[in-house]
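In: Take this sequence and fold it.
(2 chains)
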Amino acid sequence: MSSPILRYQKLILPLGLWLFSLILLSVQSYKQGRIRPSPFSRSIAEIVSLPQRSYGYLKRGTIRFWQDYVYLVGIRRQNLELQKQLALLEMENQMLLAQVRETERLKALLNFQDSLAFKTIPARIIGWDLSSYAQTITINKGSKSGIAPDQPVICFQGLVGKIVDEPGRVLSSHNATVLLITDPTSRVSVVVERTRDRGILQGTGRLEKMLLVYLSSDAKLEPGDQVSTSGLGGIFPPGMKTGAILNTEMNPFFGSPQAWVGPSVDFKHLEEVLVVVGQEKKIVREKAAAKEPDKNVQKKN
Amino acid sequence: MFKKRTRDWTLVILFGLAAVFLQTTPLHSVLGDKLELNLIFGLIIWLAFYKRAVDSAILSFLLASAQGALSGVMSGVYLLAGMSLYLACWMVRDRFAPRSASGQFLFALAFAILYKLVLFLALAIFVGTGYFRAQPFSYVLLEILLNAFFAPLIFILFDQFKGFFDLVPDLVEPRRG
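Out: Now for the predicted structure:
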């Protein structure tokens, strides 16, 4: 008859690894926000980012090929039956229009980038999280491009989220994870533009709505009121559009007012974003201007 | 023997990485953000049933860690759920051996429910209940069915690989006791 140790020796490793994973999760939970992803996690993110980038290029190429060629060949054939010359012109026109649309989209992004008072880096979305709970995206710029945790991410429609570097949300050298403002763990200090009521905008895990909480009891909000960042908290710059009030209600547990907010960004069709990497240009210019007179005075003295 | 084992490990790790890539990019484009087709779920069940304890435990740990790394939530949540799934499968592997497609589906369905329960519990205890609003209940059920349906397909896929790479299952290994 074998000893109990021999009988259960095969269980030691699976059980040990299960216990280890439980301890690891407990440590992550205890040190939430103060713990960085392991080198293993970073390596996985790096490896997976390669096919993610290739997929992005392939997808864009296929769409462009379809829109600019295959689709137009169909139109051309149809038009040839009616009038050959007109079909050729139509094709040319369509190709130019597609180019114009893309140029306009990129120009809008560039104009938006120029109009900003911040130093930004443009990035493309190459992947999403694999969980059905979280709301994170992966972009094709990482720490090598100057991306760092807590940097705000925006697009011309408004605030998108911020860069995170935690276990499960990795920032590696060539790609970065963006925590969307719709993620359940996201909290943004905001202000309602019309009434100047302050509150905290928290994600619900749904792309179409967020919850505005911690409003003052006398807050009088109306549907359509614009909500933007307050600048409190030090991560997001003030005045960034986040969304508009959908409807207000009373919190059933605390009896305080709260409001549902529709995001200003169309997350489902988001392709490019800007990462805010530097401080305000205006402030830099003002500081520079303020230093100039001092120098002149010193020279005179 | 060592060569066979290396091939075995390489194949599983490559499939795991491919699964993570598929889940984060093309599958997400198709299924959206509310449904998660979990390919690693099927792979962990397969490992627990058809591979020796040491190899399957370590490979399952690595796969669950890889999944956690890109999950978007605290990585340990997916690691714990993956290891719980592995442990549960491993403990019953000598008592059940579903061979028919429907049997495998029902088997995978039971484990898909268990996996989802562990995920919910881990999220509630270690992260917070905020995530519960993220996925409507109808989607939870749909996701369980989807994963239970696809898991046996992974068994079939690996059975094909088994023939190609000469990966003989270790189920024939005699159990002590």
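
In: Contacts only, for A:V188.
Out: Contacts for A:V188 were tallied using C-beta atoms under 8 Å, 6 or more residues apart in numbering or on different chains; they are A:159, A:181, A:200-202, A:229, A:233, A:236, A:242. C-beta here means a position set from N, CA and C on the backbone, and glycine is covered the same way.

In: Go through the residues you listed and name the one nearest A:W18.
Out: Proximity of those to A:W18 was ranked by C-beta to C-beta; the top entry is A:Q202 with 33.0 Å.

In: isn't the closest one right next to A:S186, touching?
Out: Yes: with contacts counted by C-beta atoms under 8 Å, A:Q202 reaches A:S186, the gap being 6.6 Å.

In: and A:V273, bridged to which residues?
Out: A:A123 (DSSP bridges).

In: which residues sit in contact with it?
Out: A:V273 touches A:122-125, A:139, A:153-155, A:160, A:178, counting by C-beta under 8 Å, 6+ apart.

In: Only the buried subset of those, as a ChimeraX command please.
Out: To isolate the buried ones among the contacts of A:V273 in ChimeraX, judged by 16 or more other C-beta atoms under 10 Å in any protein chain shown, type:
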select /A:122,123,125,139,153,154,155,160,178
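
In: Quick check: strands, which of the contacts of A:V273 are part of them?
Out: A:122-125, A:139, A:153-155, A:160, A:178 (DSSP state E).

In: one step back: just the ones of the contacts of A:V188 in strands?
Out: Among the contacts of A:V188, the ones falling in strands (DSSP E) are A:159, A:200-202, A:229, A:242.

In: show me the contacts for A:G158.
Out: So, once contact is read as C-beta under 8 Å, 6+ apart, A:G158 ends up touching A:228, A:240-243, A:263-265.

In: May I see the ones in strands among the contacts of A:V273 arranged in CSV, with pLDDT as well?
Out: Formatted as CSV, the ones in strands among the contacts of A:V273 follow (pLDDT from 0 to 100):
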residue, pLDDT
A:P122, 90
A:A123, 91
A:R124, 90
A:I125, 91
A:I139, 93
A:V153, 94
A:I154, 90
A:C155, 88
A:V160, 94
A:V178, 95
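
In: what two of these have the greatest distance between them?
Out: Among those, A:R124 and A:I154 lie farthest apart (C-beta to C-beta), at 14.6 Å.

In: Could you single out the nearest of the ones in strands among the contacts of A:V273 to B:L117?
Out: B:L117 lies nearest to A:V178 out of the ones in strands among the contacts of A:V273, by C-beta to C-beta, at 29.9 Å.

In: Is that closest one bridged to anything, and to what?
Out: Counting by DSSP bridges, A:V178 is bridged to A:I137, A:I163.

In: Which residues are in contact with it?
Out: So A:V178 contacts A:136-139, A:153, A:160-164, A:273 (C-beta under 8 Å, 6+ apart).

In: Next one: it from A:I35, what distance?
Out: From A:V178 across to A:I35, the span is 19 Å (C-beta to C-beta, to the nearest Å).

In: How about A:T204?
Out: According to C-beta to C-beta, A:T204 and A:I35 sit 25 Å apart.

In: Could you list the low-pLDDT ranges of the stretch 201-301 of chain A?
Out: A:279-301 (pLDDT under 70).

In: quick one, phi/psi of B:L123?
Out: phi -60, psi -40 (degrees, to the nearest 10).

In: what's the closest non-adjacent residue to B:F155?
Out: With C-beta to C-beta, 6 or more residues apart in numbering or on different chains as the criterion, B:F155 has its nearest non-adjacent residue at 5.4 Å, and that residue is B:W46.

In: Show me what the helix or strand harbouring that neighbour is packed up against.
Out: Assigned by DSSP states H and E, B:W46 belongs to helix B:39-50. In this structure, helix B:39-50 packs against helix B:2-24, helix B:53-69, helix B:75-92, helix B:101-122, helix B:137-165, with contacts taken as 3 or more C-beta pairs under 8 Å, 6 or more residues apart in numbering or on different chains; DSSP states H and E.

In: closest to A:I12 out of those?
Out: helix B:53-69 (9.0 Å).

In: Flag every buried residue along the closest one.
Out: Buried residues in helix B:53-69, counting neighbours by 16+ other C-beta under 10 Å, are found at B:53, B:55-57, B:59-69.

In: which helices and strands does it pack with?
Out: Helix B:53-69 packs on helix A:4-30, helix A:39-65, helix B:2-24, helix B:39-50, helix B:75-92, going by 3+ C-beta pairs under 8 Å, 6+ apart.

In: per-residue confidence averaged over the third one?
Out: Throughout helix B:2-24, pLDDT has a mean value of 85.

In: Could I get the pLDDT score of the spatially most central residue of chain B?
Out: What sits nearest the mean C-alpha location of chain B, by C-alpha atoms, centre = their mean, is B:F41, with 1.9 Å. You'll see B:F41 listed with a pLDDT of 93.

In: quick one on the thing from earlier: number of residues surrounding the residue nearest to B:F155?
Out: Number of residues near B:W46 (other C-beta atoms under 10 Å in any protein chain shown) recorded here: 24.

In: which residues does it contact?
Out: Taking C-beta under 8 Å, 6+ apart as the criterion, B:W46 is in contact with B:151, B:154-155, B:158.

In: go again using 10 Å as the cut-off
Out: B:W46 is in contact with B:12, B:15, B:56, B:60, B:89, B:151-152, B:154-159, B:169, counting by C-beta atoms under 10 Å, 6 or more residues apart in numbering or on different chains.
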